[in-house]
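Visitor: Curious how this folds, go ahead:
(2 chains)
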Amino acid sequence: MYRSGLPLLIKVLSFMAIAASIAVEERSVQVRMASPSRFGDKAFEWLTLAMALAVVVLVILIGWQLWIGSSVAIKKFGFHFLVTSTWDPVAEQFGALPFIYGTLVSSLIALLIAVPLSIATAAYLTELAPLWIRQPLVSLIEMLAAIPSVILGLWGIFVMIPWLRDYPFPFLKRLFGWTPFFSGPIYGPSMLAGGIIIAIMILPIITSVSREILRSVPNLQREAAYALGATRWEATRIAVFSYAKKGLFGAVILGLGRALGETMAVTMVIGNTPQIAASLLKPGYTLASVIANEFTEATTDMYLQALFEIGLVLFGITILVNLLAQLLLRTITTTSATRAVQ
Amino acid sequence: MENLVMATPERSVVEAVERMTEAPSTAEPIPACTFQVKNLSIWYGEKRAIDDVTLDIASNAVTAIIGPSGCGKSTFIRALNRMHELVPKTRVEGTVFLNGEDLYSSTVDPAIVRRRVGMVFQKSNPFPTMSIGENVVIGLRLNGVRDRKFLNERLEKSLRMAALWDEVKEDLHKPGTSLSGGQQQRLCIARALAVEPEVLLMDEPCSALDPIATAKIEELIYELKAKYTIVTVTHNMQQAGRVSDYTAFFYLGRLIEFGPTTKIFTNPTERQTEDYITGRFG
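Guide: Numbers count the residues shown, from 1 in each chain, chains lettered A, B, ... in the order given. Next comes the predicted model:
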């Protein structure tokens, strides 16, 4: 076909050219696909950072505003504000101790009631309940969370308190009346009633968070326990609860955060009396309630300043409780991991 | 007959399965058997996962269950300690005898069955909140053993049997999850052995391990055979060939062929077994 070397050379050269052009072609395909743009990544990073910072800034601003709003009262009363019990707007004497006490005690009662109930419910829902019962029960619990606080408060006043006054309170008094916690007359509106209503309000959040935590426990863990001959309860205890311990504690802290700040319903049933009484059957008052009740009446500057300081104290307590919880969590997890069998 | 086959497999497969029903392929009788499985069928809801399996499992030997994914081998091994009952809506027909006792009799507590039949899983699953030592003795603790001296003796014995003692004897207080993958799996074996079961079931015990860790487990299986009856599920043909004395080939929930491993691997009776072993499907 080729009479001399020249056409062959041409052939070889053209072949090389084609090969080169194919190579170019291949490269150009890559060129046509836009090189990955980092703009999206950067924008995403900055946007999310801005959002995250906004939350932090918001918290700091709220704290700062409360501080500014109460600076005169802080200067006037100093540390005494936290440790005295007189709340006399006319004489402009303000001490927040009964409210601090009321907030802490009512939240503690709420946790004592709500935590066992919520975690038991969550365990039932994830470990024991037949499938057909799970979804309806979950929906009902979520509905409980959707009930407006004020409606729960109304129910508290007109249904719960009369019932508590007639049946459980006299019963508790008969059984435990010899202790200071259940002594004295039965009023109805009381610290215990406040604690119970808060418990109802924080039940859904603790239950649904705990349920998610328990659901996230790998099935392999349960199987490990069952394969050793564990009963349902034993498997739930050694494989599920111990695995989920940390998360469940987080759920409780979330509930506590809610409990400390709960306002409307508790204001309606706690009795709103600024006193520190050992008896849980006596009325009390919380930090959130006093702000809600009295901000419209705060006619003098000092009164308003005192209410702002109450807000600051509540803000501080919430943050402190969360910090303590995190510290506690850290110690729990490190000690349990190093516990030996010997 | 049509409801015996779960999916809609090729015609040739259906025919092969039907042929099997007429001529069950039991090899020479097994000398002494720990499990006697008779006409076992298992349903998950409407789906039949195990279909009329009859099989004897020899004592102090390793029986390997092989077969493609979804053939029911995991379900079968779980039926031997009633673990499959943890899945809702399971139904069982037929009988499983463990050393002469019917495991599915109404008077038998599944928790007791699982104490007699230990199990090791595909992925190692030590309890992360417990130390290495606690992980090993937790089964005894569940059985109410409180005697420290006894627990410590059994702890060492089990770890030695699982060939892990020398590696962890200084670190018994460390969390079980601090070990490497292969060590964790041997820890799980020690945990299963601590309650002195009559049988050890292994559900693909090496599938998440590297070759060196796998070799250690295989060696361990070989050693444990002297004391225990072992049933292992495996995806790995070479492993089945290396460690087992008997092999059962499952396909679509049915036992296609069962016999001594050497026979199954060198001279299978069924064409399907041969096809699977030589890698033509599965």
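
Visitor: what are the ranges of the strands in the stretch 1-150 of chain B?
Guide: B:33-44, B:47-58, B:62-66, B:90-98, B:101-102, B:117-120 (DSSP state E, counting those that start in this stretch).

Visitor: can you list the residues that contact the first one?
Guide: By that I understand strand B:33-44. B:48-59, B:72, B:75-76, B:79-80, B:84, B:87, B:89-99, B:198-199, B:229, B:231 (Cβ atoms under 8 Å, 6 or more residues apart in numbering or on different chains). (Each C-beta comes from the backbone N, C-alpha and C, glycine too.)

Visitor: which parts of that strand are buried?
Guide: Under the neighbour-count criterion of 16 or more other Cβ atoms under 10 Å in any protein chain shown, strand B:33-44 has B:Cys33, B:Thr34, B:Phe35, B:Gln36, B:Val37, B:Leu40, B:Ser41, B:Ile42 buried.

Visitor: Could I get those residues in CSV, plus columns for pLDDT and distance to B:Tyr246?
Guide: Putting the buried residues of strand B:33-44 into CSV (pLDDT from 0 to 100; distance: Cβ to Cβ, whole Å) gives the following:
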residue, pLDDT, distance to B:Tyr246
B:Cys33, 85, 10
B:Thr34, 88, 12
B:Phe35, 93, 11
B:Gln36, 93, 14
B:Val37, 94, 13
B:Leu40, 94, 17
B:Ser41, 94, 22
B:Ile42, 95, 21
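
Visitor: Switch those over to CSV; also include distance to A:Pro274.
Guide: Below are the buried residues of strand B:33-44 laid out as CSV (distance: Cβ to Cβ, whole Å):
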residue, distance to A:Pro274
B:Cys33, 80
B:Thr34, 75
B:Phe35, 74
B:Gln36, 78
B:Val37, 75
B:Leu40, 73
B:Ser41, 73
B:Ile42, 68
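
Visitor: Residue ranges in the chain under the pLDDT threshold?
Guide: Picking chain A for this. Low-confidence segments of chain A (pLDDT under 70): A:1-32, A:332-342.

Visitor: Actually, chain B is the one I wanted.
Guide: B:1-31, B:282.

Visitor: which parts of the helix or strand containing A:Glu234 are buried?
Guide: Under the criterion of DSSP states H and E, A:Glu234 resides in helix A:232-235. By 16+ other Cβ under 10 Å, the buried positions in helix A:232-235 come out as A:Glu234, A:Ala235.

Visitor: So which residues make contact with that helix?
Guide: Around helix A:232-235, the neighbours that count as contacts under Cβ under 8 Å, 6+ apart are A:Glu127, A:Leu128, A:Arg222, A:Ala225, A:Tyr226, B:Leu142.

Visitor: repeat for stretch A:75-90
Guide: Applying Cβ under 8 Å, 6+ apart, the contact partners of stretch A:75-90 are A:73-74, A:93-100, A:274-276, A:290, A:294, A:297-298, A:300, A:302-303, A:306, A:309, A:313.

Visitor: And those, which of them are buried?
Guide: Among these, those classed as buried by neighbour count (16+ other Cβ under 10 Å) are A:73-74, A:94-100, A:274, A:290, A:294, A:298, A:302-303, A:306, A:309, A:313.

Visitor: out of those, which are inside helices?
Guide: A:73-74, A:97-100, A:290, A:294, A:302-303, A:306, A:309, A:313 (DSSP state H).

Visitor: Among the residues you listed, which one lies nearest to B:Glu170?
Guide: Using Cβ to Cβ, the shortest approach to B:Glu170 within those belongs to A:Ile100, at 50.8 Å.

Visitor: For that closest one, give its distance to chain B.
Guide: 36 Å (Cβ to the nearest Cβ, to the nearest Å).

Visitor: Contacts only, for the residue positioned nearest the centre of chain A.
Guide: In chain A, the residue lying closest to the centroid (Cα atoms, centre = their mean) is A:Leu254, at 1.9 Å. By Cβ under 8 Å, 6+ apart, the contact list for A:Leu254 reads A:Ile205, A:Ile206, A:Val209.

Visitor: Need the three-state assignment for it.
Guide: For A:Leu254, the assignment made with DSSP: H, G, I helix; E, B strand; the rest coil gives helix.

Visitor: where does chain B come near chain A, residue by residue?
Guide: Neighbours of chain A within chain B, by Cβ under 8 Å from any Cβ of the partner chain: B:81, B:83, B:86, B:88, B:111-115, B:118-119, B:121, B:123, B:125-131, B:133-134, B:136-139, B:142-143, B:148, B:151-152, B:155, B:172-175, B:188, B:191-192, B:195.

Visitor: Now the buried members of these.
Guide: Looks like the residues of chain B next to chain A have B:81, B:83, B:86, B:111, B:113-115, B:118-119, B:121, B:123, B:125-127, B:129-131, B:133-134, B:136-139, B:142, B:151, B:155, B:172, B:174-175, B:188, B:191-192, B:195 buried, using 16+ other Cβ under 10 Å.

Visitor: could you check the distance from B:Val137 over to A:Ala265?
Guide: 49 Å (Cβ to Cβ, to the nearest Å).

Visitor: How about A:Ile197?
Guide: For A:Ile197, the distance to A:Ala265 - Cβ to Cβ - is 5 Å.

Visitor: Which one's more surrounded, the two?
Guide: Using other Cβ atoms under 10 Å in any protein chain shown, the more surrounded residue of A:Ile197 and A:Ala265 is A:Ile197, with 27 against 24.

Visitor: Just list the residues touching the more buried one, thanks.
Guide: A:Leu152, A:Gly153, A:Gly156, A:Met160, A:Ala265, A:Val266, A:Met268, A:Val269.

Visitor: repeat that for 6 Å
Guide: By Cβ atoms under 6 Å, 6 or more residues apart in numbering or on different chains, the contact list for A:Ile197 reads A:Gly156, A:Ala265, A:Val266, A:Val269.

Visitor: Next: A:Ile238.
Guide: A:Ala225.

Visitor: Check which element follows the helix or strand encompassing B:Gly182 along the chain.
Guide: For B:Gly182, the host element (DSSP H and E) is helix B:181-194. Using DSSP H and E, the next helix or strand after helix B:181-194 towards the C-terminus is strand B:199-203.

Visitor: That next one: partners in the sheet, and parallel or antiparallel?
Guide: strand B:117-120 (parallel), strand B:229-233 (parallel) (DSSP bridges).

Visitor: ok and it relative to strand B:47-58, angle-wise?
Guide: On the basis of axes from the mean of the first three to the mean of the last three Cα atoms, to 10 degrees, strand B:199-203 is oriented at 140 degrees to strand B:47-58.

Visitor: With just CA atoms, put strand B:199-203 into PDB.
Guide: What follows is strand B:199-203, C-alpha atoms only, in PDB (Å, rounded to 0.1, in the frame of the first residue of the first chain):
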ATOM      1  CA  VAL B 199     -22.800 -25.700  72.700                       C
ATOM      2  CA  LEU B 200     -21.200 -22.600  71.200                       C
ATOM      3  CA  LEU B 201     -23.000 -21.000  68.200                       C
ATOM      4  CA  MET B 202     -21.000 -18.700  66.000                       C
ATOM      5  CA  ASP B 203     -22.700 -16.500  63.500                       C
END
